[in-house]
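Novice: I would like to see how this sequence folds:
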Amino acid sequence: MPRLLTYNVHRCVGVDRKLDVSRIAAVIAEHEPDIVCLQELDVGRARTGYVDQAQSIAAQLKMTHHFHPAMRVEAELYGDAVLTHLPERLIRSAALPTVRGVPGLEPRGALWVAIEIGGATLNVFNTHLGLVPREQRLQAKALVGDQWLGHPDCTGPTLLTGDFNATSITRPYQTLAGKLADCQRTLGLKPSVKTFPSSFPAIRIDHCFTSPEVMVTGVKAPFSPLARMASDHLPLIVDFEIRQP
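Specialist: Residues are numbered from 1 along each chain as shown. Purely as a prediction, here's the structure:
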């Protein structure tokens with residue numbers, strides 16, 4: 001049964017303020033996922049020792065990876081990645097809309113990777129939305145639009161995941177849940193699986209949305225001492241099957 005893990009890794013700096021890329025890789029490896037969607041990766045940035053975090057984690061997990069730099073500061077990059085050991089190809093990697101005139105907003109983006117799994121092609125979208133509701137609404141609208149989930153090539157099994165910085169009562173969430181099903185709601189999980197903050201997870205802002213061809217069989221967030229320390233988010237793990245037509 002395939003397993004997806006989505007994880008905001010907080011540039012591999014833990015709640016103990018230690019930078020440790022291998023610790024993040026160890027948290028992921030323990031759960032043996034087939035597909036890994038990561039947010040908040042540094043690539044070649046002075047603040048994290050110029051390491052290509054996406055490449056390093058992928059190498060430790062023996063996976064291929066695609067990285068999208070949502071933010072560029074000269075040669076320094078920051079963004080999101082999709083990793084897998086399965087056959088894959090990158091379909092699209094691009095910026096999401098932002099709002100002008102709000103100081104301190106980070107640019108945001110998304111990746112779309114097609115992954116071959118059990119004779120089917122799974123569309124995997126990974127993203128990290130902004131912090132301001134107006135910005136989130138624009139970004140959610142773009143994701144359901146004709147460049148991403150509404151693209152003519154986006155057919156069959158589809159999964160959208162990441163850190164949405166939005167709970168289930170917000171409009172951006174409802175926009176996305178109108179297009180794809182929230183895997184936790186599909187399972188009727190009560191209480192819901194929360195991932196933030198990692199030390200005492202109280203809110204649900206990391207989500208996974210699926211098309212009808214994807215049957216979710218389990219959702220969990222590991223609460224090991226390692227996972228609680230490695231990042232300010234816990235990883236969200238989703239087990240699923242693909243319904244054959």
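
Novice: tell me how many other residues crowd residue 144.
Specialist: Other residues near residue 144 come to 16 when the count uses other Cβ atoms under 10 Å. In this view, the C-beta of every residue, glycine as well, is placed from N, C-alpha and C.

Novice: that one against residue 158, yeah?
Specialist: No: applying Cβ atoms under 8 Å as the test, residue 144 and residue 158 come out as separate, 11.5 Å apart.

Novice: look up how far residue 210 lies from the closest residue to residue 213 other than its chain neighbours.
Specialist: For residue 213, ignoring the flanking residues on the chain, the nearest one in space by Cβ to Cβ, 6 or more residues apart in numbering is residue 157 at 4.0 Å. Distance from residue 157 to residue 210, counting by Cβ to Cβ, to the nearest Å: 8 Å.

Novice: again, but for residue 228
Specialist: Distance from residue 228 to residue 210, by Cβ to Cβ: 27 Å.

Novice: before we move on, what about residue 15?
Specialist: For residue 15, the distance to residue 210 equals 30 Å [Cβ to Cβ].

Novice: with residue 135 instead?
Specialist: From residue 135 to residue 210 the distance is 25 Å (Cβ to Cβ).

Novice: before we move on, back to that, so between residue 15 and residue 210, which is more surrounded?
Specialist: residue 210 (22 against 14).

Novice: next up, the contacts around that one.
Specialist: Residues near residue 210 by Cβ atoms under 8 Å, 6 or more residues apart in numbering: 158-160, 180-181, 183, 186, 216, 240.

Novice: tell me how far the residue positioned nearest the centre of the chain lies from residue 207.
Specialist: For the chain, the residue nearest the mean C-alpha position is residue 162 (2.7 Å; Cα atoms, centre = their mean). Distance, residue 162 to residue 207, by Cβ to Cβ: 7 Å.

Novice: number of residues surrounding residue 116?
Specialist: 13.

Novice: check the one 3 residues further on too.
Specialist: Residues near residue 119, counting by other Cβ under 10 Å, number 7.

Novice: could you look up the SS state of the closest residue to it other than its chain neighbours?
Specialist: Spatial nearest neighbour of residue 119, excluding adjacent residues (Cβ to Cβ, 6+ apart): residue 244 at 7.6 Å. Classification of residue 244 by DSSP: H, G, I helix; E, B strand; the rest coil places it in coil.

Novice: I'd say residue 244 and residue 120 touch.
Specialist: Yes: using Cβ under 8 Å, residue 244 and residue 120 qualify as a contacting pair, with a distance of 7.1 Å.

Novice: between those two, point out the one with more neighbours.
Specialist: Taking other Cβ under 10 Å, residue 244 and residue 120 do not tie; residue 120 has more neighbours (16 against 9).

Novice: partner residues bridging the more buried one?
Specialist: residue 117 (DSSP bridges).

Novice: next one: it from residue 114, what distance?
Specialist: 10 Å.

Novice: quick one on the thing from earlier: any idea how far the residue nearest to residue 213 lies from residue 191?
Specialist: Distance of residue 157 to residue 191, given as Cβ to Cβ: 28 Å.

Novice: next one: residue 236
Specialist: Applying Cβ to Cβ, the value for residue 236 to residue 191 is 14 Å.
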